[in-house]
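Undergrad: Need a 3D model of the sequence below.
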Amino acid sequence: KIQKVKNTKRIMSISYATSSTLLPSRIVALDPGSSDGLECSVHSLPKPLLKEFRHVFGDEYLIAPSSENGREADVSNNNSLELVAIPTNQNAREDLVAIGEHIEKEKDRLLNVFIKFGQIVCERLKEQGYWADYIDPCSGLPMISSNCNKVYSEVDGMECLLNFKSYNAGFCKILTHPKWGSAVYPATIFAYCPPDIAKQLIRSLPDAA
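TA: Purely as a prediction, here's the structure:
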């Protein structure tokens, strides 16, 4: 007999795991009971993505944010500092390949959810003295690092980190989620910190409703 497994979220997260995965995917929210869930995980940067990261950010991540609050990062009890990625994906209420006013409204809603999420995650990391930034899903540019003007490809990033698939539609590359298809809104956070710090932060977030 095959034993039934109750924790379906754990099964789902395992299916997304890749060689770069430090913390498997889980649908989280900023507030308990919120339905604005983001599926996120924590990853080391594979060589192709590390090259893309340096193309976009250069050496910005080496600038510590401790001057904002006078607090320096304490790494004495942690692993060495590493570049990590926190990819997020939201399940859109509409197929985002479609067009129309309702599609644009849904994109705006998803954008606002991620922007708030990205701000809070980066603020919590920076409060501990670590560098962090997140990508503007609209422009592909970093939101915090003002000296960066190179565009990051969310589709390429999700393919590299999560093995998601994509297809070409005209001049656009469309990401597809294993469960949600093209009803997916991808966006990524990057940090330079001990991996355990990033994992603890994501683990501390409540499950989405």
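
Undergrad: give the contact list for residue 97.
TA: Shown in contact with residue 97 (CB atoms under 8 Å, 6 or more residues apart in numbering): 169, 174, 182. (Each C-beta comes from the backbone N, C-alpha and C, glycine too.)

Undergrad: ChimeraX command to pick out the buried ones of those residues?
TA: Listed next is the ChimeraX selection for buried residues among these, using 16 or more other CB atoms under 10 Å:
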select :174,182
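
Undergrad: Which of the contacts of residue 97 fall in strands?
TA: Among those, DSSP state E puts 169, 174 in strands.

Undergrad: Is it possible to get a markdown table of the contacts of residue 97 that adds pLDDT and distance to residue 81?
TA: Shown next, in a markdown table, are these (pLDDT from 0 to 100; distance: CB to CB, whole Å):
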| residue | pLDDT | distance to residue 81 |
| --- | --- | --- |
| 169 | 85 | 39 |
| 174 | 95 | 35 |
| 182 | 96 | 36 |
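
Undergrad: Could you single out the nearest of the contacts of residue 97 to residue 93?
TA: If you rank the contacts of residue 97 by distance to residue 93 using CB to CB, residue 182 comes first, at 12.8 Å.

Undergrad: Check the offset of the longest helix seen in the chain from the chain's centre.
TA: Longest helix of the chain, by residue count under DSSP state H: helix 101-127. With CA atoms, centre = their mean, to the nearest Å as the basis, helix 101-127 stands 11 Å off its chain's centre.

Undergrad: try stretch 181-188
TA: Computed by CA atoms, centre = their mean, the chain-centroid distance of stretch 181-188 equals 11 Å.

Undergrad: No more questions from me, cheers.
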